[in-house]
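Enquirer: 3D, please:
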Amino acid sequence: MLHTKIIDIKEKKISLKEAEEFISSSDYGASIYFTGTVRNQNNNKSVIGITYDSHDDLVLKSFKEIYEETEKKLNIQNKAVFIEHAKGYLNLGEISIIIAIACKHRDQAYLLSRYVIEEIKKRSPIWKKEHYTDNQSDWLKGNPIIHEKN
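Expert: Residues are numbered from 1 along each chain as shown. Next up is the predicted model:
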């Protein structure tokens, strides 16, 4: 069971409640919630906010691919995964990503949660521009879009 979405921050916020409702089931004995939030420091610079941009279709495709490959790579078949990522400007402390995981056992939930966030960071075309207290801003180094060979 999978839910993926890019959230336009101008229209709504990422909701922990929606994630909880999606993964809630008596089929699962373990749930894990990972949230990424905007922090106030990066590379010795004082951050006041971050703008996220993404190639939405490719991001959602990457989320689905990551979910599907966990059956073979991690041997976890019965699971619920909720992934939402923000797009737009976020202030300090606001949630940029939520990953909610439910599995039968806690070791599966921990493994799956870590795998999903690490693969998203490596593969999903999401870019961020940090805004600093000195009125400067920088796009951070990201990952290039990888085109599959057919």
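Enquirer: centroid residue for the protein?
Expert: Residue closest to the mean C-alpha point of the chain, counted by C-alpha atoms, centre = their mean, is residue 97 at 4.1 Å.
Enquirer: now do stretch 41-50: everything it contacts.
Expert: With contacts defined as C-beta atoms under 8 Å, 6 or more residues apart in numbering, stretch 41-50 is touched by 38-40, 89-92, 96, 128-134, 140. Placement of C-beta: from N, CA and C, glycine included.
Enquirer: what's the span of that stretch from first residue to last?
Expert: Using C-alpha to C-alpha, to the nearest Å, one end of stretch 41-50 lies 11 Å from the other.
Enquirer: do the same with stretch 50-63
Expert: Note: stretch 50-63 ends 22 Å apart using C-alpha to C-alpha.
Enquirer: likewise stretch 5-15?
Expert: End-to-end span of stretch 5-15 (C-alpha to C-alpha): 12 Å.
Enquirer: could I get the average pLDDT for that stretch?
Expert: Averaging the model's pLDDT scores along stretch 5-15 yields 94.
Enquirer: still on that earlier bit, which one of the contacts of stretch 41-50 is nearest to residue 22?
Expert: Nearest to residue 22, judged by C-beta to C-beta, of the contacts of stretch 41-50 is residue 96 at 18.6 Å.
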